[in-house]
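**Q** quick check, what structure comes out for this input:
(2 chains)
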Amino acid sequence: MNRYTQMNTTEYLKSERSHAWREELRKSVRAADRTKRERVAMPEQLPAIRAANHLEVNLGLGVEEAVGEAVRCLDCPDPTCISGCPVGVNIPKFIKYIEGRNFGEAARTLKETNALPAVCGRVCPQEVQCESQCFYTLKLKKTPVAIGNLERFAADYERTSGNLSIPAVAPSNGVKVAVVGSGPAGLAAAGDLAKLGYGVTVFEALHEIGGVLKYGIPEFRLPNVIVDVEIDNLRRMGVCFETNFIVGKTGAFDDLRAEGFKAFFIGSGAGLPNFMNIPGENCTGVFSSNEYLTRINLMGAGRQEYDTPVLSGKNVAVIGGGNTAMDSVRTAKRLGAHRAVIVYRRSMDEMPARREEIHHAQQEGVEFMCLHNPVAYLADEKGRVKQMQLQKMELGEPDASGRRRPVPIEGSEFPVDVDTVVVSVGVSPNPLISKAIPALKVSRWGTLTVDQETMQTSVPDIFAGGDIVRGGATVILAMGDGRKAAAGIHAYLQGR
Amino acid sequence: MNKIIRKEFLSENVFRMEIEAPRIAQSRKAGHFVIVRTGEGGERIPLTIADADTRAGTITLIVQKVGCSSAKLSKLNEGDYVQDVVGPLGNATHIEKAGTVLCAGGGVGVAPLFPIVQAFKRAGNRVVTVLAARTAGLLLYEKEMKEFSDDLILVTDDGSRGRKGLVTDGMEEVILRETVHQAVVIGPAVMMKYAAMLTRKYNIPTLASLNTIMVDGTGMCGACRCSVDGKTRFVCVDGPEFDAHQVDFDEMLRRMSAYREEEETAYRNYLIHEQ
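**A** This next block holds a predicted model:
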């Protein structure tokens, strides 16, 4: 099943494309008629309604919509879209299965290389990945095939059909591998290792499996039940999960080695939220986005049957312009904020969040204060934040990231009333792992140093990927790392 | 799921639980804590490990019923299961041979102090322990502490046992009579604040173990952050012990009462529901 071990990717794709059913489908509609079609829009909940509930914003394509969109795909001889996918999904194949109304096979195709298709179909930034490399984008200068929406459709169709396919798993080779962290990197690694016949145990520090997919991304973008179904899939492939286990604390790496684990994959994420170290940042009512979102998404704050509280006021400012900031500000709105504002130090053009998230936030009534930066917070007599001091910014010369550097305008400070602030200015690597194994080589930023091809760290039986290596990226890049590391671990263990 | 092996009430609102957690029992050291969640919708609450039995594979927690979550935990009995127990978390206490170590505990802070007293004693120190409580019935761990302390001083607010006064009175008595090289204070934040003021006056290096609000306990959320020497630190991964003279206890007190209203409402609803 593993296309990387059997033949090279181009040959494999070519042989798949030459199957009779694909040729027939290609001939069934003229290319000119395919390209004439407009991209099918994703149905959404109306902004005014969704801003008051936690249900998914995007409703998913219906069968006819999906088939119609799949017809747009030209099944190119050189499918450039695949080069934009960190986990190498065979995109034309799954889309052509949708066109041929064979939705089960479409889902199976996704699962050949992607352990979490229903998740990726929802949260991947396809516009900068596969869809940016689509023939429509590159050559026709038209809106690309809605690859992400189709991925979601196939995964959802399979799930609701009640007929879930389990990827083929090689016979057990009796070798145990430990995966540290159950976020996207860990789950992707676990899936591939299980397919290769390894006995995989995933160790998770929290009480729930899923990592950032559970505690970070809100229900309105990624419902927890969707994540649970994908985790269940891995369970059925033989992956074991152990919650409440912090590798390096609950049990040492050496304990696990003694228990027979031959290799480790660390996908523990970038745990530590950054703060700006400005006066008043420790007032109550000032949160990291991790805390704010964890209280709500993982701990159920605000819901009847859950004990964990959250302070979420009527006047909420979220500092930052990434996807996590958008998740936080839209969550604040849903918890009843009258005013929910994004405060971002650069301009709209530099904002790192997905366009779709920014657009959705705007539709839901979120305000944007670009080119502003907080410099201090003031508290009331009880210690709760009541005001922030904002400074105006302007854009200077491009910095190392290529984006224009924000420069403060002296003397431009002014106060804005707030009762809740969510600081969403990035994360730093969690020191727990590097503290547990001092021999692990880390970068200047505290991220683990790995071989780019195999994801092997400086300790031979330890591999790593995701944010603990990247320092803050996306679900799909973490999954790509997990897959690469699984291949690296396989090569390492077979070479012994 | 972790089974409760033994449970007893030490006073009306304070109970002791031995919980099955073999790996934690094995790896824990003085100063470590766990995070516990009772039931599906439960909060994650940090509790310091008071003791462990590696052979039985159990850890001991001392808990005071102060709100909804601790009350729910107090309802569980021997043979019941605690939904989640994770740890050991935090950094272990730095134990060295310092000379004379003054260990002061107030309220349920006495529980986390116990393994520290043991460890300093085993490292060859002279250990003088001061235990304080509002009244005699609330004094904890007297017998256990006595076994590992060279001297044990008891203090109660109402004088019903030991000296009448506050923990700082007991501490000052020791400081005035002998040279103290190191102090450790654990208890309510306000007690630690005054204990730290006292030892600062006498220039005695002092550790305080902070019991701030936490969610994940692994550095991910920053709910537990506090100012130490003007810098923001995370109690869960940088602590829980800090130089008591550098901790901004006033800020800590404010942050700890952030959810007072919500906590009171939840507890009230819980009590109504229970009846």
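**Q** please make it C-alpha for all contacts and neighbour counts, starting now.
**A** OK.
**Q** the residue of chain A positioned farthest from its centre in helix, strand or coil?
**A** Most distant residue from the mean C-alpha position of chain A: residue A:381, 40.2 Å away (C-alpha atoms, centre = their mean). Following DSSP: H, G, I helix; E, B strand; the rest coil, residue A:381 is assigned to coil.
**Q** residues touching residue B:53, list them.
**A** B:25, B:59 (C-alpha atoms under 8 Å, 6 or more residues apart in numbering or on different chains).
**Q** where does it land on pLDDT?
**A** On the pLDDT scale, residue B:53 is placed at 97.
**Q** for it, give its distance to residue B:145.
**A** 17 Å (C-alpha to C-alpha, to the nearest Å).
**Q** before we move on, what about residue A:310?
**A** Taken as C-alpha to C-alpha, the span from residue A:310 to residue B:145 is 39 Å.
**Q** now residue A:89: closest residue in space, sequence neighbours ignored.
**A** Using C-alpha to C-alpha, 6 or more residues apart in numbering or on different chains and skipping residues adjacent in sequence, the residue nearest residue A:89 is residue A:113, 5.7 Å away.
**Q** tell me how many other residues crowd that neighbour.
**A** Residue neighbour count, defined by other C-alpha atoms under 10 Å in any protein chain shown, stands at 22 for residue A:113.
**Q** I'd say it and residue A:91 touch.
**A** No. Applying C-alpha atoms under 8 Å as the test, residue A:113 and residue A:91 come out as separate, 10.5 Å apart.
**Q** residues in contact with the residue of the stretch 351-496 of chain A with the smallest separation from chain B?
**A** Of all residues in the stretch 351-496 of chain A, residue A:383 sits closest to chain B, at 6.0 Å by C-alpha to the nearest C-alpha. Applying C-alpha under 8 Å, 6+ apart, we find residue A:383 in contact with A:283-284, B:254-255.
**Q** just want the phi and psi numbers for it.
**A** phi 100, psi 0 (degrees, to the nearest 10).
**Q** residue A:339 now?
**A** Taking degrees, to the nearest 10 as the convention, residue A:339 sits at phi -130, psi 120.
**Q** if I look at the nearest residue to it once chain neighbours are set aside, what pLDDT would I see?
**A** Once flanking residues are discounted, residue A:339 sits nearest to residue A:315: 4.9 Å by C-alpha to C-alpha, 6+ apart. For residue A:315, the pLDDT comes out at 97.
**Q** what about chain A, any weak spots by pLDDT?
**A** Counting by pLDDT under 70, the ranges of chain A that qualify are A:1-7, A:496.
**Q** grab the longest helix from it for me.
**A** helix A:475-495 (DSSP state H).
**Q** pull out the buried positions in it.
**A** A:475-490, A:492 (16 or more other C-alpha atoms under 10 Å in any protein chain shown).
**Q** next one: stretch B:49-59
**A** Those would be B:49-54, B:57-59, for stretch B:49-59 by 16+ other C-alpha under 10 Å.
**Q** surely residue B:50 touches residue B:114?
**A** Yes. Using C-alpha under 8 Å, residue B:50 is in contact with residue B:114, at 6.2 Å.
**Q** got the contact list for the closest residue to residue B:13 other than its chain neighbours?
**A** Spatially, and ignoring its direct neighbours in sequence, residue B:13 is nearest to residue B:65 (5.2 Å; C-alpha to C-alpha, 6+ apart). Contact analysis of residue B:65 by C-alpha under 8 Å, 6+ apart lists B:13-14, B:71, B:74.
**Q** most neighbours of all the residues you listed, which one?
**A** Going by other C-alpha under 10 Å, residue B:74 tops the contacts of residue B:65 with 21 neighbours.
**Q** that one: what's it in contact with?
**A** Residue B:74 touches B:15, B:65, counting by C-alpha under 8 Å, 6+ apart.
**Q** repeat for the one 10 residues further on
**A** By C-alpha under 8 Å, 6+ apart, the contact set of residue B:84 is A:207, A:244, B:1-2, B:35-38.
**Q** likewise residue A:416?
**A** Residues counted as contacts of residue A:416 (C-alpha under 8 Å, 6+ apart) are A:387-390.
**Q** got it, and residue A:360?
**A** Contact analysis of residue A:360 by C-alpha under 8 Å, 6+ apart lists residue A:47.
**Q** backbone dihedrals for it, both of them.
**A** Dihedral pair for residue A:360: phi -60, psi -40, per degrees, to the nearest 10.
**Q** also the one 4 residues further on?
**A** Recorded main-chain torsions at residue A:364 are phi -80, psi 0, according to degrees, to the nearest 10.
**Q** that one: how many residues sit nearby?
**A** If you count neighbours by other C-alpha under 10 Å, residue A:364 ends up with 20.
**Q** which ones are touching the closest residue in space to it that isn't next to it in sequence?
**A** Spatial nearest neighbour of residue A:364, chain neighbours left out: residue A:47 (5.1 Å); criterion: C-alpha to C-alpha, 6+ apart. Residue A:47 makes contacts with A:360, A:363-364, as judged by C-alpha under 8 Å, 6+ apart.
**Q** returning to what we had before: gap between the residue nearest to residue A:89 and residue A:19?
**A** For residue A:113, the distance to residue A:19 (C-alpha to C-alpha) stands at 20 Å.
**Q** tell me how the chain divides into domains.
**A** I went with chain A, as the question did not name one. Domain assignment of chain A by automatic domain parsing yields the ranges A:3-43+A:55-161, A:176-271+A:429-495, A:274-426.
**Q** please refer instead to chain B.
**A** Domain assignment for chain B by automatic domain parsing gives B:2-89, B:100-256.
**Q** dump those domains to CSV, plus distance to residue A:459.
**A** Below are the domains of chain B laid out as CSV (distance: least, C-alpha to C-alpha, whole Å):
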stretch, distance to residue A:459
domain B:2-89, 23
domain B:100-256, 23
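**Q** so which of those is nearest residue A:164?
**A** Residue A:164 lies closest, by C-alpha to C-alpha, to one member of the domains of chain B: domain B:2-89, at 27.7 Å.
**Q** nearest to residue A:376, of the domains of chain B?
**A** The closest of these to residue A:376 is domain B:100-256. By C-alpha to C-alpha, the value is 14.8 Å.
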